[in-house]
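Visitor: Got a sequence here, can you model it:
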Amino acid sequence: MLNVVSFSGGKDSTCMLLMMLERGMQVDYIICCDTGMEFPEMYEHWKKVDDYISTNYGKHITYLKADKSFEYYFKDYTRVKGKHTDIKGYGWPSMFRRWCTEKLKLSPIKQWKKSQTEKINECIGIAFDEQDRMKKGTIYPLIVWEMTEKNCLDYCYSKGFNWQGLYEKRKRVSCWICPLQGIKGWRLVRKQYPKLWKKALQLDKTSDFKLSESYTLNDLDHRFAVEDLQTVLNF
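Guide: Model prediction:
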């Protein structure tokens, strides 16, 4: 039986991995899905964790990646074939159309699992105060240890992992292009990651799907520009 740690690099999965190794628990694989759309700080964090567990425990992260990119599924993938016109691209994901999770995370994990000859115990980093997310057939060490989200973040900080301040800027540190981050999250992307913001605007122009029912990402760009101007004038 293989003990496989599902590692995203967030505070909970990082805490779980480090505590499992610290306690001498069996860890056969540490799998991490690279969507290609992670925050720059997250890529640095992955490297830092990998260096740490390699030095202290002789372990390495196994990175998984989908055959095609986010951009491909966003604008080029043929999702509906018609007699006269093919419909290209999934466009912006939504709460009820999370194709990005399926294509870029779940599918690579399923393929990897199929390649293994032994049965798998999957360890998931869900904190004690998120027990409603539990599913049968999965191991949740943090819940057993009663580690809350705050406990997990404090533990990671105590070990020297701070994501270069990413958690001080944002509550959630999943993909920077995630449409579920809300207007506040997008405002931060525009302010703090102008190159990524420019990339998102270019993608937005290729999609028939709006970012939300009432606005596009380019609409938000105009709104933020107006806010910036008002700030300058008020100053």
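
Visitor: Contacts only, for the residue sitting nearest the centre point of the chain.
Guide: Nearest to the geometric centre of the chain sits residue 174, at 3.2 Å (CA atoms, centre = their mean). Listed by CB atoms under 8 Å, 6 or more residues apart in numbering, the contact set of residue 174 reads 8, 10, 181. Every residue, glycine included, has its C-beta placed from N, CA and C.

Visitor: Per-residue pLDDT of it, please?
Guide: On pLDDT, residue 174 comes in at 89.

Visitor: Please apply the same query to residue 36.
Guide: 96.

Visitor: number of nearby residues for residue 232?
Guide: Residue 232 has 8 neighbours, counted by other CB atoms under 10 Å.

Visitor: Residue 87 now?
Guide: When neighbours are defined as other CB under 10 Å, residue 87 has 13 of them.

Visitor: Provide the secondary structure category for the residue nearest to the centre of the chain.
Guide: For residue 174, the assignment made with DSSP: H, G, I helix; E, B strand; the rest coil gives coil.

Visitor: going forward, begin numbering at 640 instead of 1
Guide: Sure, I'll start counting at 640 from here, so that last one is residue 813.

Visitor: Domain-wise, how is the protein divided?
Guide: What automatic domain parsing lists as the domains of the chain is 641-810, 815-874.

Visitor: So residue 663, which state does it fall into?
Guide: Here residue 663 is recorded as coil under three-state DSSP.

Visitor: Could you pull up phi and psi at it?
Guide: Dihedral angles of residue 663 (phi, psi; degrees, to the nearest 10) stand at phi 70, psi 20.
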